[in-house]
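S.K.: show me how the following folds:
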Amino acid sequence: QEVPDKNKTNGLYFRDGKCRIDYILVYRKSNPQAEKREIFERNIRAEGLQMEKESSLINSDIIFVKLHAPWEVLGKYAELMNVRMPFRRKIYYLHRRYKFMNRIEKQISRFRGWLPRKPMKLDKETLPDLEENDCYTAPFSQQRIHHFIIHNKDTFFNNATRSRIVHHILQRVKYEEGKNKIGLNRLLSNGSYEAAFPLHEGSYRSKNSIKTHGAENHRHLLYECWASWGVWYKYQPLDLVRRYFGEKIGLYFAWLGWYTGMLFPAAFIGLFVFLYGVTTLNHCQVSKEVCQATDIIMCPICDKYCPFMRLSDSCVYAKVTHLFDNGATVFFAVFMAVWATVFLEFWKRRRAVIAYDWDLIDWEEEEEEIRPQFEAKYSKKERMNPISGKPEPYQAFADKCSRLIVSASGIFFMICVVIAAVFGIVIYRVVTVSTFAAFKWALIRNNSQVATTGTAVCINFCIIMLLNVLYEKVALFLTNLEQPRTESEWENSFTLKMFLFQFVNLNSSTFYIAFFLGRFTGHPGAYLRLINRWRLEECHPSGCLIDLCMQMGIIMVLKQTWNNFMELGYPLIQNWWTRRKLRQEYGTQRKTNFPQWEKDYNLQPMNAYGLFDEYLEMILQFGFTTIFVAAFPLAPLLALLNNIIEIRLDAYKFVTQWRRPLASRAKDIGIWYGILEGIGILSVITNAFVIAVTSDFIPRLVYAYKYGPCAGQGEAGQKCMVGYVNASLSVFLVSDFENRSEPTSNGSEFSGSPLKYCRYRDYRDPPHSPVPYGYTLQFWHVLAARLAFIIVFEHLVFCIKHLISYLIPDLPKDLRDRMRREKYLIQEMMYEAELERLQKERKERKKNGKSYHNEWP
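M.R.: Numbers count the residues shown, from 1 in each chain. All right, here's what the predicted structure looks like:
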């Protein structure tokens, strides 16, 4: 058999051009652990793997160990690992249709012929490699090898499966005499090997067009139909992603694609709410009254330096607030709470379909290996494993509890650090309001509150990013302190801590603005103060919602921009720097001749926590999209635009910037699903409080039905809001100011004489009433209405959520039928194959002249 020259030069085969490289190990000759490596490599050969070594073209100290698994080894371990392989093409059957339905379908298909073809679907004619594998699969068995569809033994197991089998072998090979001296992971952690990875399938670029010449390899195909910016509007080729990167990474992109698709209706409704605010802006009675209130003078918003101001000066803020806080906001909050449930319920169904298509339904995770750190710590104490029946290291209950208590205390302390940082931001806001109010630039002086909020948010973002770095180290330390038994336990523990830290870090200041800012300030003449010194910050005359919008908008945009830079920009810069060094040392010609293992070694390894960073970024964004969506209806639109970019960025990074990760299997998205459900529940509570407490929805409703011109008539239109602004402001006698609060100006610039009275946002009695500045009856009515709204809203939305989750089955009906049908067909096929075998045996017996008289006639 002649070997193509291409095989010898493309760096994917051994020197003979026949044996395909399934795995690469990298070490340095100068490394002192030579003895361990020799034993390990000797044992690898004993397992049947073939090996070839080659030194690096750049650095002769670096040695590449190329591994190849022959057919016998692949077959043996595929059977041990229960690898499912195709054994019969699928037989599709049609449901029984009625004539009437057939007629309708014909008419629909004729109408579809006039419409353009689906633009979002990938063109399978120009990309023939995209065809799915329409075969039934069964666990591979060497005894029944004739049942499986084997056209070519070299390509029967795809590259991802081959490398997974080789990795499985490497994890079970000894490198030293001793019970626990086993596995590649330990050799990587003690520095015997520098790196271990499967190879990419060649270059992702080609001189020829993919449409005329076809794809050079699967990596090239993935780049053209998935990672390229030109296909941003197309569906993802998930089967191809799964074939190349494995089920775990395939499931992440399936989830990300599903989440992005589900954001379309949310973004559309959010944009509609915003546009509704824009169109009704000129008809809004409240913002009209604010803009026309030139005779209403507001009390200063800070001590000494803040001047009195006309209410009409906050006209712009009143209009902007109406864009986000209008009649459609409550509907949108209910919609988003229901949307979060529908998203999760339909994801369950989508996951079930993917699990069926990818043969994950019956797949159970193998009994996981114990972490080396756990073994080293508890090797003296052993007990029998109830599953394997072998002795294994054991952690005492008291030891486990004490470690968990210390870890929980660490988490609590770090959350307190976040709250302290928020407290620092509060003090900054309090101090700078008066500083900006006395600023020499008129632009900043006149917009002191916006300047304070804007700078506070930017400083808050910097603190968030700095604390994130600290949290990662603390979470790592606390998780290692807990000593989890297996890698998945370690992963889940670390994930939960990092999510808690990051979530509290990102949202704590937003919670402060939404629920505490301007709530506990007291009133003019009796302000509440921090450490009896700084007066707490008040809301703008137009309300606190504008602050919340700014906080969410700035942090969401900055965070997403920073994440995208770190995800793609950082590895791009690192890879560019590596290539630059190579060019300087060896010239441009040598680079193109590098074998594939050399090129892959110079790429960035996938980060240590796998897909953790990708999931965390999206889950935090999901929180931002749902938790305070009532205050910022454009959040889903921002999330959607980011995710369209995110899918292609992640794809580009996986295909071009990272070494090929090991293809690993997974049934679902793991602990993240539980976190998503938790965020969905929290979003209902926070949105209820945002509408009831932060926005002016309830005070307006109470005024319209109880105190306005339409009181008692059961109406609540814009005409019923006449006089609302005046009714929501209380009167203060300027002479009642405390000495330290008294403003430097006396307000004579408004009327020519010193001001006697100013107004402030609250429901309090006037200064000359029997109880000066006591709460009015309207205050208690508003408070009661707020509490009632929170209870009714939460119960209503939770009922809808539970009803939806009850009504939507986890398995689609057609999938359930397909699964039953497949089970029946497989039993039939197995029965036929067994019958065939028995008939052959009977014929052979007859030939040999052997017969049995006790057979039935």
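
S.K.: against Y471, how distant is R665?
M.R.: 30 Å (Cβ to Cβ, to the nearest Å). For the C-beta atoms, the positions are set from N, CA and C on the backbone; glycine is no exception.

S.K.: ok, which stretches of the stretch 51-200 of the chain are strands?
M.R.: Along the stretch 51-200 of the chain, the segments classed as strands by DSSP state E, counting those that start in this stretch run 62-68, 84-89, 135-139, 195-197.

S.K.: how about those in JSON lines, adding mean pLDDT?
M.R.: Formatted as JSON lines, the strands of the stretch 51-200 of the chain follow (pLDDT from 0 to 100):
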{"stretch": "strand 62-68", "mean pLDDT": "91"}
{"stretch": "strand 84-89", "mean pLDDT": "74"}
{"stretch": "strand 135-139", "mean pLDDT": "75"}
{"stretch": "strand 195-197", "mean pLDDT": "90"}
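
S.K.: so which residues of the stretch 101-250 of the chain form helices?
M.R.: Ranges of helices within the stretch 101-250 of the chain are 153-156, 159-170, 184-189, 210-213, 218-222, 238-245, 247-279, based on DSSP state H, counting those that start in this stretch.

S.K.: check the most centrally placed residue in the chain and give its pLDDT.
M.R.: For the chain, the residue nearest the mean C-alpha position is M618 (2.3 Å; Cα atoms, centre = their mean). pLDDT recorded at M618 is 89.

S.K.: so S312 touches A293, yeah?
M.R.: Yes. Between S312 and A293 there is a contact at 5.1 Å, judged by Cβ atoms under 8 Å.

S.K.: those two: which is more packed in?
M.R.: Between S312 and A293, counting by other Cβ atoms under 10 Å, A293 is the more crowded of the two (22 against 17).

S.K.: residues touching the closest residue to that one other than its chain neighbours, list them.
M.R.: Leaving out its chain neighbours, the residue that sits closest to A293 by Cβ to Cβ, 6 or more residues apart in numbering is L311, at 4.0 Å. L311 is in contact with 290, 293-294, 296-298, 541, 725, 729, 759, counting by Cβ atoms under 8 Å, 6 or more residues apart in numbering.

S.K.: check contacts around L634.
M.R.: 270-271, 274, 553.

S.K.: can you rerun that using 6 Å?
M.R.: The contact partners of L634, taken as Cβ atoms under 6 Å, 6 or more residues apart in numbering, are 270, 274.

S.K.: give me phi/psi at it?
M.R.: Phi and psi for L634, reported as degrees, to the nearest 10, are phi -80, psi 0.

S.K.: just the CA atoms of stretch 627-635, as PDB, please.
M.R.: What follows is stretch 627-635, C-alpha atoms only, in PDB (Å, rounded to 0.1, in the frame of the first residue of the first chain):
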ATOM      1  CA  ILE A 627     -32.800  40.500  38.000                       C
ATOM      2  CA  PHE A 628     -33.200  44.300  37.400                       C
ATOM      3  CA  VAL A 629     -34.800  44.100  34.000                       C
ATOM      4  CA  ALA A 630     -37.800  46.300  35.300                       C
ATOM      5  CA  ALA A 631     -35.300  49.200  35.700                       C
ATOM      6  CA  PHE A 632     -33.500  48.600  32.400                       C
ATOM      7  CA  PRO A 633     -35.600  47.100  29.600                       C
ATOM      8  CA  LEU A 634     -32.800  47.400  27.100                       C
ATOM      9  CA  ALA A 635     -30.700  44.800  29.100                       C
END
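
S.K.: average pLDDT for it?
M.R.: According to the model, stretch 627-635 has a mean pLDDT of 85.

S.K.: give me the distance between the closest residue in space to G525 that isn't next to it in sequence and V433.
M.R.: Leaving aside its chain neighbours, G525 sits nearest to D736 (4.2 Å; criterion: Cβ to Cβ, 6+ apart). Look at D736 and V433: by Cβ to Cβ, they are 22 Å apart.

S.K.: so the two - more neighbours on which side?
M.R.: Ranked by neighbour count (other Cβ under 10 Å), D736 and V433 place V433 first, with 24 against 14.
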